[in-house]
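Engineer: structure for the following, please:
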Amino acid sequence: MAAPTSLPDPRYRDVLRQPGQEVFLNTRLMAANALEIDIDTAILAELAELAAETRAMTCVGETYALTSGVRLYTESPSATWGSDIRWLSHADEPSYRWFEALYHRLDLASLVAPFIPHDAAIRLYAGFFVTRSRCDALGMHYDWATEGNHAFTLMAPLTPNAEAMGLTYEDARGRQRMYDYRMGHGIVFGTRFLHSTAVGTLPE
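Structural biologist: Numbering: from 1, shown residues only. This is a model prediction of the structure:
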């Protein structure tokens, strides 16, 4: 078997993988299928202006509209998980297209292209805002559980208070570790990245 190699692109400076394999190891995080990326501060500034509106979207199963007209549907696993987390996803096609434009501006398809088998294009599956102010217990889970990397999730903070409650994940040795959110940075993770919102509380 060939030795793991690094990739020449500086975006993958902490990545090792076997030649020809989709799965990989991040040596800084000691985690499988996870990348750290820089986020354009101009995009963050635009989205941060929406924070107050999204915080007010608290009713589960409801559809809300931002002042821009983007429509968001609210969901939550709080019935089985001790957290007030809310997932605010696009509620119609125009709202999906709005998230899709952000996806293209962030150039996420090119970032994950070396790890996803594809013929022509890598597409956005769903766009979300996530709000939360408390998490009483870990809810460890996979977003993706395929054998290879067929999809990735990007998580990035939009407001500084999000830095105070990060992500708990399981590293390649099976140990729980913390990932701290930082403004201007995001974490992108693929298959079998076991994680949860960290236990904690925020003032908003």
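Engineer: what's in contact with the longest helix that the chain contains?
Structural biologist: Longest helix in the chain, counting residues (DSSP state H): helix 93-105. Residues from elsewhere that reach helix 93-105 (Cβ atoms under 8 Å, 6 or more residues apart in numbering): 40, 43, 47, 68-72, 90, 109, 124, 126-127. C-betas here are computed from N, CA, C, even on glycine.
Engineer: and for stretch 189-198?
Structural biologist: 23, 31-35, 83, 85, 112, 115, 132, 135, 138-153, 155, 165-170, 178.
Engineer: what about the closest residue to Tyr169 other than its chain neighbours, neighbour count?
Structural biologist: Of all residues not flanking Tyr169 in the chain, His195 sits nearest, at 4.2 Å (Cβ to Cβ, 6 or more residues apart in numbering). Counted with other Cβ atoms under 10 Å, the neighbours of His195 add up to 24.
Engineer: for His195, give the beta-bridge partners.
Structural biologist: His141, Tyr169 (DSSP bridges).
Engineer: related to what we said a few turns ago, go through the longest helix of the chain and flag the buried ones.
Structural biologist: Neighbour counts using 16 or more other Cβ atoms under 10 Å place 95-96, 98-99, 102-103 of helix 93-105 among the buried residues.
Engineer: where in the chain is pLDDT low?
Structural biologist: 1-4, 78-79 (pLDDT under 70).
Engineer: can you give me the helices for it?
Structural biologist: For the chain, the helices defined by DSSP H occupy 41-48, 51-55, 93-105, 108-112.
Engineer: between those, which one is closest to Ala120.
Structural biologist: helix 108-112 (10.8 Å; Cβ to Cβ).
Engineer: ok, and what's touching the closest one?
Structural biologist: For helix 108-112, the surrounding residues in contact (Cβ under 8 Å, 6+ apart) are 11, 35, 37, 103, 121-124, 149, 152, 154, 188, 190.
Engineer: any idea how far it is from the chain center?
Structural biologist: 13 Å (Cα atoms, centre = their mean, to the nearest Å).
Engineer: and if you look at stretch 42-52?
Structural biologist: A distance of 16 Å separates the centroid of the chain from that of stretch 42-52, by Cα atoms, centre = their mean.
Engineer: could you tell me the end-to-end distance of stretch 127-136?
Structural biologist: 26 Å (Cα to Cα, to the nearest Å).
Engineer: flag every buried residue along it.
Structural biologist: Quick answer for stretch 127-136 (16+ other Cβ under 10 Å): 127-129, 131-133, 135.
Engineer: with stretch 194-201 instead?
Structural biologist: Those buried within stretch 194-201 under the rule 16+ other Cβ under 10 Å are 194-198.
Engineer: likewise for stretch 16-27?
Structural biologist: Using 16+ other Cβ under 10 Å as the test for burial, stretch 16-27 gives 17, 22, 24-26.
Engineer: contact partners of it?
Structural biologist: Residues contacting stretch 16-27 (Cβ under 8 Å, 6+ apart): 1-2, 4-7, 14-15, 31-36, 115-117, 148-149, 172, 190-191.
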